[in-house]
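K.L.:
From the sequence below, what's the structure:
(one chain, ligands or ions: 1)
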Amino acid sequence: MTGQAALRAAILRLAGAGIGEPARDARRLLAHALHIEPDRLTLHLQDLLAPEAAARFEAALAAREARQPVSQITGTRLFWGRSFRVTRDVLDPRPETETLIETALESPFASLLDLGTGSGAILLTLLAERPAARGLGTDLSPEALAVAESNAQALGLAGRARFQTADWFAGVEGQFDLIVSNPPYIAEAEMAGLSPEVRDWEPHLALTPGGDGLDAYRAIAAAAPAYLAPGGRLLVEIGPTQGRAVSALFAAAGLSGLRVEADLDGRDRVVLARRG
Ligand code: GLN
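P.N.:
As a prediction, the model looks like this:
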């Protein structure tokens, strides 16, 4: 069978399983099975599919039918133009998080702290974009930190990135020009309504703090002022309805210059605050 024929059958199969973008996903999974970049796939579609590649494609399709996210199946995700390793232990870096990167890069910083770093996508992107900066990434999950460390190595950033297992600021020392976080912010009651890709495959630790979804911001607001250098900035990702509540928490903690930024879809996505 040619790659083309296998691709056609796969698109029908994923569509039949209710996958939202069957053609896009099938192409990425076939490229993965062939060990080529997705943008090279068309060049190889007339070739016969080798048995090993066919077996890899079959396994990938079965995983996708079970709603595993494409990034977990292929093991990689592009974020701000760089490739990150992604496993079940980390949140899949999402395009809307690039809004946080854009806002962070508006002003200079030499020292950076990323709370709940997960894959390291935020920390490592900011370090890659600012070659003089150094940063610390914390996470409650040692498995997540192992993924972040491997991403630091792969991107040549291990010399400027440190990692530490921590519950928010616990055990963290020093002050930082920039503190960033994409914390868990989904309210407990909203978890059941998430897509199976997110609810059944991504780490709940990274998705929800339980309750009203604001507990992580409460913990961050309480301690952030002591960890910010004078004039330092705090930037967090939020859910679209949380701008007002998170701004109020940060203002109550004594931070100033509050701003809410929208993502490319026009939904509130980032809250920015400054230490006096
Ligand atoms: N943006 C993610 C989602 O909606 C949630 C990530 C988070 O809680 N930090 O699935």
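K.L.:
can you list the residues of the chain near the ligand?
P.N.:
For the chain, the contact set with the ligand under C-beta under 6 Å from any ligand atom comprises 91, 94, 182-186, 198, 207, 237. Quick note: C-beta positions are derived from backbone N, CA and C, even for glycine.
K.L.:
Between those, identify the one with the most neighbours.
P.N.:
For the residues of the chain next to the ligand, neighbours were counted using other C-beta atoms under 10 Å, and residue 182 has the most, 26 neighbours in all.
K.L.:
Which residue ranges of the stretch 151-276 of the chain form strands?
P.N.:
For the stretch 151-276 of the chain, the strands defined by DSSP state E, counting those that start in this stretch cover 161-165, 176-181, 228-237, 256-262, 268-274.
K.L.:
ok, and the closest non-adjacent residue to residue 76?
P.N.:
Once flanking residues are discounted, residue 76 sits nearest to residue 83: 5.1 Å by C-beta to C-beta, 6 or more residues apart in numbering.
K.L.:
Kindly report the same for residue 1.
P.N.:
Nearest non-adjacent residue to residue 1, counting by C-beta to C-beta, 6+ apart: residue 49, 5.5 Å away.
K.L.:
and if you look at residue 89?
P.N.:
Sequence neighbours aside, residue 143 is the residue nearest to residue 89 in space, at 3.9 Å (criterion: C-beta to C-beta, 6+ apart).
K.L.:
my read: the one you found touches residue 149, true?
P.N.:
No: under the criterion of C-beta atoms under 8 Å, residue 143 is not in contact with residue 149, lying 11.0 Å apart.
K.L.:
In terms of neighbours, single out the busier of these two.
P.N.:
The neighbour comparison of residue 143 against residue 149 (other C-beta under 10 Å) goes to residue 149, with 17 against 13.
K.L.:
quick revisit: would a markdown table of the strands of the stretch 151-276 of the chain with mean pLDDT be doable?
P.N.:
Output for the strands of the stretch 151-276 of the chain, formatted as a markdown table (pLDDT from 0 to 100):
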| stretch | mean pLDDT |
| --- | --- |
| strand 161-165 | 98 |
| strand 176-181 | 98 |
| strand 228-237 | 98 |
| strand 256-262 | 98 |
| strand 268-274 | 98 |
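K.L.:
for the residue of the stretch 1-150 of the chain found nearest the ligand, what are its contacts?
P.N.:
Residue nearest to the ligand within the stretch 1-150 of the chain (C-beta to the nearest ligand atom): residue 94, separated by 5.5 Å. Applying C-beta atoms under 8 Å, 6 or more residues apart in numbering to residue 94 gives no contacts.
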